[in-house]
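Visitor: Here's a sequence, model it:
(one chain, ligands or ions: 2)
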Amino acid sequence: MTDSDDVCVLLPAMDEAATVAEVVSGFRDAGFSNVLVTDGGSDDDTREIAREAGARVVRQSGRGKGQAVREAVRDHVDAPYVLLADADATYDVADADAMLAPLRDGDADHVIGDRFADMRSGAMTRLNRVGNRLINLTFRAIHGEQYRDILSGYRAFTRASFLRMNLTADGFGIETEMAVECVKNRIPVRVVPITYRPRPNGSATNLHPVRDGGVIFLELYRKAKTNNPLFYFGSIGALSTTAGVVMAAYVLYRWIVRGVGHEIIAVGAVGATILGIQLLIFGVLADMILTLHREQLAHRERVSDGD
Ligand SMILES: Nc1nc2c(ncn2[C@@H]2O[C@H](COP(=O)(O)OP(=O)(O)O)[C@@H](O)[C@H]2O)c(=O)[nH]1
Ligand SMILES: [Mg+2]
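Guide: Residues are numbered from 1 along each chain as shown. Ligands and ions are numbered 1, 2, ... in the order given. Sure, this is the predicted structure:
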């Protein structure tokens, strides 16, 4: 077993009395003496149970998993490495060393546990599986990286790389935001296969698939503005142009075949087409500016490496 003094195991928890003891003692028995539970104001005995099992327990000042994790890493963690997991016994302590290895070897600053590698039956509903796939595909299309499971709650990262991220999500958008910030800040990432189990009986998720799924999609799109402006402006531009062309085709068709004019639709067609093409041009320009900006950054990094 490797020495784990350099790791803080961070467990955000909200009403997890059924499982938190098992999770905390699992990590402690595996040699992780530094286990921190950040509690979201549980109504059950999560805090007492976690403390008895040997965890340090703090209460988050705000709401949501994202706020809890941001505050805990910033104010309550001293260790250079953070291992983030759920308090619901769905992740395996046995995977912890594999998660931390890329950090210790200097191969990565952020590690994502891929739940799809070994997903036990019942661990994820079909709706959540499909949603996850869609979100990962969208992420790849916008941000150009294949992280396989960006919503995974099993992460290992250096505290320093986490503090470099610009994170604002309070709730379940935090995993998406971390993935986007890794791309943006060029934080080296590794994906590690892990086991994902169903929640034991008597424990319930805090995730609302439709509401939280919507939040995550919005988050992905919002972040595209500065990471992939061609997609951000281009997608609306393409939609608007297409709508304009379709309207124009309809007006022309009616005029040629039936001899009827549709002035209002014609005005709409011209407006939508002009707006769409302008957005497309704007997207291309913004993309060019971003490329130049990235080249400048790379140049500056090369210059400062040369000192
Ligand atoms: N501190 C804190 N923890 C939360 C909050 N919401 C969820 N959690 C914890 O974050 C972890 C992930 O949430 P979970 O409901 O398991 O989501 P899922 O894994 O996506 O189904 C669990 O350990 C929850 O107890 C919150 O508002 N505050
Ligand atoms: Mg969970």
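Visitor: Kindly list the main-chain dihedrals of the residue in the stretch 51-200 of the chain that ligand 2 sits nearest to?
Guide: In the stretch 51-200 of the chain, the residue that lies nearest ligand 2 is residue 86 (3.7 Å; Cβ to the ion). From N, CA and C alone the C-beta is placed, and that goes for glycine too. Dihedral pair for residue 86: phi -90, psi 160, per degrees, to the nearest 10.
Visitor: what separates residue 303 from residue 164, distance-wise?
Guide: As judged by Cβ to Cβ, to the nearest Å, residue 303 and residue 164 stand 20 Å apart.
Visitor: Which residue ranges of the chain form strands?
Guide: Remark: strands assigned in the chain by DSSP state E are 7-13, 35-39, 56-59, 81-84, 110-119, 155-158, 189-196.
Visitor: I'd like those strands laid out as a markdown table, including distance to ligand 2, mean pLDDT and mean neighbour count.
Guide: Listed next are those as a markdown table, based on distance: least, Cβ to the ion, whole Å; pLDDT from 0 to 100; neighbours: other Cβ atoms under 10 Å:
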| stretch | distance to ligand 2 | mean pLDDT | mean neighbour count |
| --- | --- | --- | --- |
| strand 7-13 | 10 | 98 | 26 |
| strand 35-39 | 14 | 98 | 24 |
| strand 56-59 | 19 | 98 | 16 |
| strand 81-84 | 11 | 98 | 26 |
| strand 110-119 | 10 | 98 | 21 |
| strand 155-158 | 13 | 98 | 24 |
| strand 189-196 | 9 | 98 | 20 |
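Visitor: Take those strands and write them to CSV, including distance to residue 228.
Guide: Listed next are the strands of the chain as CSV, based on distance: least, Cβ to Cβ, whole Å:
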stretch, distance to residue 228
strand 7-13, 30
strand 35-39, 33
strand 56-59, 37
strand 81-84, 26
strand 110-119, 20
strand 155-158, 23
strand 189-196, 17
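Visitor: Now render those strands as TSV, adding distance to ligand 1.
Guide: Output for the strands of the chain, formatted as TSV (distance: least, Cβ to the nearest ligand atom, whole Å):
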stretch	distance to ligand 1
strand 7-13	4
strand 35-39	5
strand 56-59	8
strand 81-84	9
strand 110-119	9
strand 155-158	12
strand 189-196	9
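Visitor: which residues of the stretch 151-300 of the chain fall in helices?
Guide: Using DSSP state H, counting those that start in this stretch, the helices of the stretch 151-300 of the chain run over 159-164, 174-184, 209-227, 229-253, 263-306.
Visitor: rank those helices by pLDDT, which is bottom?
Guide: Lowest mean pLDDT within the helices of the stretch 151-300 of the chain: helix 209-227, a mean of 89.
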